[in-house]
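In: Quick one, structure for this:
(2 chains)
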Amino acid sequence: MSAPGRSTPPTLALVNVSKSFGAVRALQGVTLELHAGEVHALAGENGAGKSTVVKTFAGVHRPDAGEVRVDGEPVAFNGPADAQAAGVAVIYQEPTLFPDLSVAENIFMGRQPRAGLGRIDRRTVHAETAKLFRRLGVALDPQQPARGLSIADQQVVEIAKAISRDARVLIMDEPTAALTGQEVERLFNVTRTLREQGCAILFISHRLEEIFEICQRVTTLRDGTYVGTDKVEDLTADDLVRRMVGRDLDALYPKQDVTPGEVALKVGRLTREGAFTDISFEVRRGEIVALAGLVGAGRSEVARAIFGVDRWDAGSVEVAGKKLPAGSPTAAMSAGLALVPEDRRQQGLVMDMSIERNMGLTQLRSLRKETGRGPLISRKVERNRAADWALRLQLKYARLTDTVGVLSGGNQQKVVLAKWLATEPTVLIVDEPTRGIDVGTKAEVHRLLSELAAQDLAVLMISSDLPEVIGMADRVLVMHEGRLTAEIDRADATEESVMAAATGRAGTGKAA
Amino acid sequence: MTVLTQSPARPGSGGPPGGGRRLVELVLRARELSILGALVVLVVGTELANHRFLSGQGVKDIFLNASILALLAVGQSMVVVTRNIDLSVGSVVGLVAFTTGKFASGGDRNVVLVVLLGIVIGLACGLVNGLLVSFCKVPALVVTLGTLYVIQGLDYKIAHGEQIGAADLPSSVLSLGNDSVLGVPYLPVITVVVMLMMGYYLRSYSSGREFYAIGSSPEAARLAGISLRRRVLTAYLVSGGLAGLAGVLWLARFGTVVADAAHGWELKVVSAVVVGGVAITGGVGTVYGAALGALLLTTIGSVLVVLKVNSFWQDAITGVLLLLAISVDRLLALRVTKALKQRSLESGVHRDDGSAPPGAGPAAGSAAATAKATKDEAPKGKVS
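Out: Numbers count the residues shown, from 1 in each chain, chains lettered A, B, ... in the order given. As a prediction, this is how the structure comes out:
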């Protein structure tokens, strides 16, 4: 496809758009033009306003000032239905499917082909869906319910939905966040095909290499303001990061050298049927140990079992020499364990509760009045402690009484970290600590982990981000199919050696 | 990008492509079938214990009594499918039964007019509920609990301690409740017709499917451009209108009506709906199931009378049935989700080794191996 001619107006555009939510200015004078036959990246840190842009295009938000233009003509979207009618299809960060309805129904909801008397023509619905899936090269059953689909398959359904609408504009808000490499490749193939067919595409991702792989132009936002639009080939990754962050980024992986202390966490032959088998390892004070592996290798399951969320069938867990009973998070917490879970929205935070309440949740006992003996909770202590942690973690917030739901992803993660660090743990387990977090905050989280380790905390970090694993860990444990397949020292850890063990082609490193 | 279409069905591993769907369909049908099964066991067992149970009158009574409950259950399931609830139906039946009774006894009124009046009153109540829930965004439980008492109070005020007697009613109204067409009483005919119409609408019409979409995920429905307000309002109008119709049928069936007719029926209706397999969390269930649930609850009531069991037990048994239904639902949901995940994992495997383009990464083969191994290692009987 030839480069989009600038003589034709952009298929969809924001011109000088501003939008505020209460006192928060989400967007200020943002201009963004999507042209047919082009994949346009939207880059920015968490909280830069990317999601607001998406929702403005989708008709969910109406701009306070400025215009939305379709083919150069100003339009007013009065709801998602209007945007859809204009040919805009959106794939949100979290897939928005109807779990109880069939895949085919999900795709054609509201636009089902009709037979006589306005009835839904079920046969055509299923046939069309099957055709779409063939075109996308996936083997999904149109009549299968959406419940239970993997995230990748849910995204396929969303894409099929967009294609079936003959969408002229496809907006993808972090579609790759939860995908494996192979699934990303599949998504990119589809994206390229759509682009060649003349679709205008907006692509959002925190993985910079993806932007360079698939996009032609990139628009950068910072704190809700427009920074600029550039051709991708004119930029380096460092340029892009500088534009997003507005300053040179300190090292992304600021790992300090440490001398490991005594053993803080000792896991012995831990087994949970159907999840993992015979897992043994130690984490020493001051050490960051990464647990790597493919999605589904059983890493999170090990973390959950150690913390007592799930029971284990055999083996033992010792924290600072003390054995833990199986299946008791309370015992794990009082022994000095803390777990920052994978899914912060579902498991890490109570989204409707305030920042200070969320931070206080793990220490309700020590928050009590009369220095921990009375029945009532001291809100003053709670607030002071929360303010203290917010300062230490450089949390960006308006008021501590705001619900955590209004914070950006990176700041939410900081609240989860604060909540657990406030328990003064000996061992901190973090599961995917930087998933869906922008580079700026990512570096902060890394520095924080490094500092904590230097202060004698033992850190077990589960991560699917290979550079993060290599950059942050003193030792890397690799799991494959529920078993530990390798233990690799910092000096020997490379993406290749970790990947080899994670895919079961081990041979490097000593078997644990 | 147009390769593939390898059939996911492969010898030795995984199920057929439609496995997931079939499983779910089986589970959904299983609900309706298991209610039918329970009904058969109940009826046969009771007949063996007391041979007069299946006499013409006994069966007719069950159907007549079940008709009104089933009609309400059909309306209620429409509301419940959208993840809401209508607790005011019992009061609406009471209000309509009394006011239409008063209207009908005022002269020789045409039965059609009486039915229409009842439906209009019901629609008015539904409108209030629907507007409060969909436009004012007040939780349905609170709104309809409020209207339950308001409508009940209104009913008491109008009734003022009086009662409607069968003698005052025109014969056309009474014959609606007690006469038959081709040997089948009108009441069940009306209910079945309404049920079939609603069932067909919800299944086969685009707007009908939107009720399920809303209940399944309100947020996704909003983003899909579905008008939540309009659909939720419609659900309440249907529930109210059918409650109005049920009120007239109540009058026609019993003739004698006091102010607190159908007092407490809202919970009976909700029980019938839940026992009938409509998920209280929305998005799942059919009006057929709800109607069958109503039939089952009514039959249990009659059986207990025939078996001379203290009527106190009827409520307790309804309660046990409700708990059973909800527990079974929960259990099945967990099983189904697990099985579906398993299947999507397996189909993923086939996709990988069937279609991975060359150079798609070294992970393909071993990811397949992972999935297979997980499946093989899974303890037997866990996903059956």
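In: any idea how far B:Met78 is from B:Phe211?
Out: Going from B:Met78 to B:Phe211 by C-beta to C-beta, to the nearest Å gives 7 Å. For every residue, glycine as well, the C-beta is placed using N, CA and C.
In: who touches both of the two?
Out: Among the neighbours of B:Met78, those also in contact with B:Phe211 (C-beta atoms under 8 Å, 6 or more residues apart in numbering or on different chains) are B:Leu202, B:Ala235.
In: Spell out which parts of the stretch 351-500 of chain A neighbour chain B.
Out: For the stretch 351-500 of chain A, the residues in contact with chain B (C-beta under 8 Å from any C-beta of the partner chain) are A:His480, A:Glu481, A:Gly482, A:Met499.
In: and the two most separated of those?
Out: Farthest pair in those (C-beta to C-beta) is A:Gly482 and A:Met499. Separation: 17.9 Å.
In: More neighbours: these two, which one.
Out: Higher neighbour count among A:Gly482 and A:Met499: A:Gly482, with 25 against 19, using other C-beta atoms under 10 Å in any protein chain shown.
In: Could you tell me the phi and psi values at that one?
Out: Note on A:Gly482: backbone dihedrals following degrees, to the nearest 10 are phi 80, psi 10.
In: Check it and give its pLDDT.
Out: With respect to pLDDT, A:Gly482 has a value of 86.
In: now swap in A:Gly116 and tell me
Out: Looking at A:Gly116, its pLDDT is 80.
In: Quick check on it: phi, psi?
Out: With angles defined as degrees, to the nearest 10, A:Gly116 sits at phi -60, psi 150.
In: can you check A:Leu428 too?
Out: Per-residue torsions, A:Leu428: phi -110, psi 120 (degrees, to the nearest 10).
In: The stretch 251-400 of chain A: strands as residue ranges?
Out: For the stretch 251-400 of chain A, applying DSSP state E, counting those that start in this stretch gives strands covering A:263-272, A:276-284, A:288-293, A:314-319, A:322-323, A:337-340.
In: Quick one: these as JSON lines, columns for mean neighbour count, mean pLDDT and distance to A:Thr31 too.
Out: JSON lines is the format used below for these (neighbours: other C-beta atoms under 10 Å in any protein chain shown; pLDDT from 0 to 100; distance: least, C-beta to C-beta, whole Å):
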{"stretch": "strand A:263-272", "mean neighbour count": "20", "mean pLDDT": "92", "distance to A:Thr31": "52"}
{"stretch": "strand A:276-284", "mean neighbour count": "20", "mean pLDDT": "92", "distance to A:Thr31": "50"}
{"stretch": "strand A:288-293", "mean neighbour count": "28", "mean pLDDT": "91", "distance to A:Thr31": "42"}
{"stretch": "strand A:314-319", "mean neighbour count": "18", "mean pLDDT": "92", "distance to A:Thr31": "54"}
{"stretch": "strand A:322-323", "mean neighbour count": "12", "mean pLDDT": "90", "distance to A:Thr31": "60"}
{"stretch": "strand A:337-340", "mean neighbour count": "24", "mean pLDDT": "91", "distance to A:Thr31": "38"}
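In: quick one: which of those is nearest A:Val406?
Out: Nearest of the strands of the stretch 251-400 of chain A (C-beta to C-beta): strand A:337-340, 20.4 Å.
In: Any stretches of the chain with poor pLDDT?
Out: You didn't say which chain, so I picked chain A. A:1-7, A:22-24, A:46-47, A:178, A:246-251, A:369-373, A:436, A:505-512 (pLDDT under 70).
In: Can you look at chain B instead?
Out: In the predicted model, chain B carries pLDDT under 70 at residues B:1-30, B:340-384.
In: Show me where it has its helices.
Out: B:19-49, B:56-81, B:89-105, B:111-134, B:140-159, B:171-178, B:186-204, B:206-216, B:218-223, B:228-254, B:265-275, B:287-306, B:312-355, B:363-377 (DSSP state H).
In: returning to what we had before: for the strands of the stretch 251-400 of chain A, give me JSON lines that also has distance to B:Ala97.
Out: Formatted as JSON lines, the strands of the stretch 251-400 of chain A follow (distance: least, C-beta to C-beta, whole Å):
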{"stretch": "strand A:263-272", "distance to B:Ala97": "59"}
{"stretch": "strand A:276-284", "distance to B:Ala97": "63"}
{"stretch": "strand A:288-293", "distance to B:Ala97": "66"}
{"stretch": "strand A:314-319", "distance to B:Ala97": "65"}
{"stretch": "strand A:322-323", "distance to B:Ala97": "68"}
{"stretch": "strand A:337-340", "distance to B:Ala97": "59"}
